[in-house]
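In: Quick one, structure for this:
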Amino acid sequence: MATILAVNGKDPQFGKNCFVAPNATIVGEVEMGEDCSIWFNAVIRGDVHYIKMGNKVNVQDGAIIHCTYQKHPTNIGNNVSIGHNAMVHGCTIHDNVLIGMGSIVMDACVVHSNSIIAAGAVVLEGTIVEEGSIYAGIPAKKVKSISQDLINGEINRISNNYVKYASWFSDHNEAPAVD
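Out: Numbers count the residues shown, from 1 in each chain. As a prediction, the model looks like this:
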């Protein structure tokens, strides 16, 4: 059973049709929209500030979402995929974004819509990722603009696939109630 805990009287809130893997951890002031999925060993800690997620957000295996105490919340838009073992910390991720496997997005970053953070990239504190761009490397820099084909072929495909994958666990597809 997933670990879902209130912190300082603030309970995680789940939209309709959310899947939470049995060993995921979600604590504190976390709000997610509809059709979200939180996968195996993912950790979402809204203990020191809030975390807000839109619709169709998938947080893949081993990913961590956190924030900075009383300074930087984490806001995530709609149709966002956060890849395996990625770390998203105290930043803003707009709509239609792919955060690649093993990447790190640090405090006060803004990742604008229709963008990709490449696998293994490190987006340094305060970086503003241009809309429609791919950022890669350490530190992450813009490597190219994204075509509409790439938006449809990668960002939308992955997000839609994770809604489908979550449906395979239909016996566990509703997030547990928090007491």
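In: Could you spell out the sheet neighbours of the lengthiest strand in the chain, each with its direction?
Out: Taking DSSP state E as the criterion, the chain has its longest strand at strand 43-53. Strand pairing for strand 43-53, using DSSP bridges, gives strand 25-32 (parallel), strand 64-66 (parallel), strand 74-76 (parallel).
In: could I get the ones you listed as JSON lines with mean neighbour count?
Out: Every residue, glycine included, has its C-beta placed from N, CA and C. As requested, those are exported to JSON lines (neighbours: other Cβ atoms under 10 Å):
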{"stretch": "strand 25-32", "mean neighbour count": "22"}
{"stretch": "strand 64-66", "mean neighbour count": "22"}
{"stretch": "strand 74-76", "mean neighbour count": "23"}
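In: which stretch among those comes nearest residue 137?
Out: strand 64-66 (20.9 Å; Cβ to Cβ).
In: Can you tell me what sits against that closest one?
Out: Contact partners of strand 64-66, identified using Cβ atoms under 8 Å, 6 or more residues apart in numbering, comprise 42-45, 48, 51, 59, 74, 76, 82, 86-90.
In: Which positions in the helix or strand of the chain with the lowest mean pLDDT come out as buried?
Out: One helix or strand of the chain scores below all others by mean pLDDT, DSSP states H and E: helix 148-150, with a mean of 84. Across helix 148-150, burial judged by 16 or more other Cβ atoms under 10 Å covers residue 150.
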